[in-house]
Every structure is written in C-alpha cells, then in structure tokens.
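Colleague: I would like the atomic coordinates for the input below:
(one chain, ligands or ions: 1)
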Amino acid sequence: MAGTILLGIDVETADGSGTYARLGPEFLARRGVRASWYVTGRAMEANPDLFRAADRSGQVDIQGHTYSHILLKTVFIEVPPGRTVNGRTDFFLKRGGTIEDIDADLGRAQKVFQDVLGRRAAGLTCPWGYYRGLADRPDLLEMVHRHGFRFIRSFGRDERDGQPVPLERRPFRYEPQGFPDMLELMIHDYQDDFYFAQFTGLTDPAAYTSHLKEVADRVAREDLVWSLCTHDHGCATDSAFAVKTAWLSDLIGHARSRGIRFATGAEYYAEM
Ligand SMILES: [Zn+2]
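Modeller: Predicted coordinates for the structure are as follows:
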C-alpha cells in the first residue's frame, strides 16, 4: 500500500458549476482517476442535464453539499498574525443555520437528487467545514443521518477554525455519538489553493503545487489517507477551468507516480 487520496470537489458556484459538470468527467478520465463531487442542490437544479450526464459517466461520484450552502455550525476564524483571511486580519465569523433551516435545507437537497439523478445522496460535505466536525453535535448527526447521509466531510478546520488540518487526524466513525454507521472522511490540509495562499501568505501558485507534492510523498511513505478538497470557484469559462485544474493535474500525475491510489467517498465508505 502507498496511501490513498480521497479527491472531493465542492461544486457550488452559479457561474462555474455548469462548466465543471461539462468538463470535469473528461478531465478525470484522461488522468485515470475518479473523484467525488459534492454538489449543492441549487447548482444541480441550474444544470440538471449536465449533472445527470456526469453521474452516468462513471468518472464521478456525485454527493451532497446541502441545497443552499447553509452552514451546520458557526465558523469563527482566529486569523494568524500578519495574514488576511476572507478579507479580515483579526477574526472572521460566519454564522451557522438554525436547526429548522438546516433540516428543511437537507430535505430540499435530497429532493433535488431524487428528481435529477433518481437517487438520494449518501455523502455530504458540510459547508465551510468545522473543528471536530459534528463530533460535538449529536443533534446534528441525528438529523444528517435521518436525511440518509452516511459519510460526511465536516471536519475541515483546526482549533482556531483555521487550516491546515493535519493528516494525523484519520477518518473516523461517529460511534461514541451513537452513529456507528456514519463515517467522517475529514478535509485535510488546506481546503483549496486560495486558503493555502491566505493562511501561509505564499501567493505564488507554484508554492501550492510543491506543497501538495510534499504532502503526497508523505502520504505514500506513511500509507496515509488524504481527504483532499478543491472547488469549482472561478471556472466560468473553459480556459478558467484549465487554470483552476492545472495544479490538480500536476498533483494527480505526481501521486500516481508514487503509487497512491484514488478513491471516491462512496468507495471508501464501502471499504470501511
Ligand atoms: Zn462549499
């Protein structure tokens, strides 16, 4: 074994999700890997035919990302000294939804999955990601479980609601909370190129690529699971899609040369 990458892409923007749905399957097929896409209900509603085709391409495992990108928990980022995160230099607060609103939103998301893809989602990425995931919120776990989700990416921040999330944090089951059939996949390291730049201050795109290759080398050496996240942000045109996926293409090639395997969230859940 030489480690595993769980490649998960949040597809959620009004101007980029259609391009991603159209170009993404071929991008993955050419590189010989599969990925999970975590798609908001409203993005899927905007381009139902494209997402249906992507779902049937065999390259993409399409899962949920709420309907409206509602947060399940409040995020309170303590910005590291000298950095600017989400436009702030001190702290950044983004409020989580109410229980009632989250419940209605998840129900609406599953209805879109049923209407567009003819099935419900088994996986859910919780918008923004949180410290400890939902481990401290059994009430939310109960709700997420009731809506049919069995593997989630909700642990995507450190104790200051920042990043990186270290690879020592392995995927885990929510057994102590009473949900042994629910798996937390994590979101490791930085949530994307833009958060790497904001949290490290290294804005040269090459810095992120070399960082990712170092992480991949460690994953291969120590046989780790790396839940890797990126987004459809800034993918309004074909050329913008090529720019956004350039580092991902480099990383996939590097990881495959190291013998790392790629698995979707659904595949990994079935194994576990
Ligand atoms: Zn998102």
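Colleague: Can you tell me the closest non-neighbouring residue to the residue in the chain that the ion sits nearest to?
Modeller: Proximity of the chain to the ion (CB to the ion) peaks at residue 10, 3.9 Å away. Heads up, the C-betas are built off the backbone N, CA and C, glycines and all. Of all residues not flanking residue 10 in the chain, residue 231 sits nearest, at 4.6 Å (CB to CB, 6 or more residues apart in numbering).
Colleague: That neighbour contacts residue 17, correct?
Modeller: No: taking contacts as CB atoms under 8 Å, residue 231 lies outside contact range of residue 17: 9.9 Å.
Colleague: Report the buried residues of stretch 187-202.
Modeller: Buried residues in stretch 187-202, counted by 16 or more other CB atoms under 10 Å: 187-200.
Colleague: Could you dump those residues into TSV with distance to residue 41 added?
Modeller: TSV is the format used below for the buried residues of stretch 187-202 (distance: CB to CB, whole Å):
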residue	distance to residue 41
187	20
188	26
189	27
190	26
191	21
192	21
193	26
194	24
195	24
196	28
197	29
198	28
199	29
200	33
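Colleague: Could you list the residues of the chain in contact with the ion?
Modeller: Residues of the chain lying close to the ion (CB under 5 Å from the ion) are 10, 12, 127.
Colleague: Each with direction, which strands does the helix or strand hosting the first one pair with?
Modeller: Think residue 10. Using DSSP states H and E, residue 10 maps to strand 4-11. If you go by DSSP bridges, strand 4-11 pairs up with strand 35-39 (parallel), strand 225-231 (parallel), strand 261-263 (parallel).
Colleague: Give me the buried positions along the shortest one.
Modeller: Okay, so that is strand 261-263. Buried-residue list, strand 261-263, by 16+ other CB under 10 Å: 262-263.
Colleague: Stretch 38-57 - what's its average pLDDT?
Modeller: The average pLDDT within stretch 38-57 is 98.
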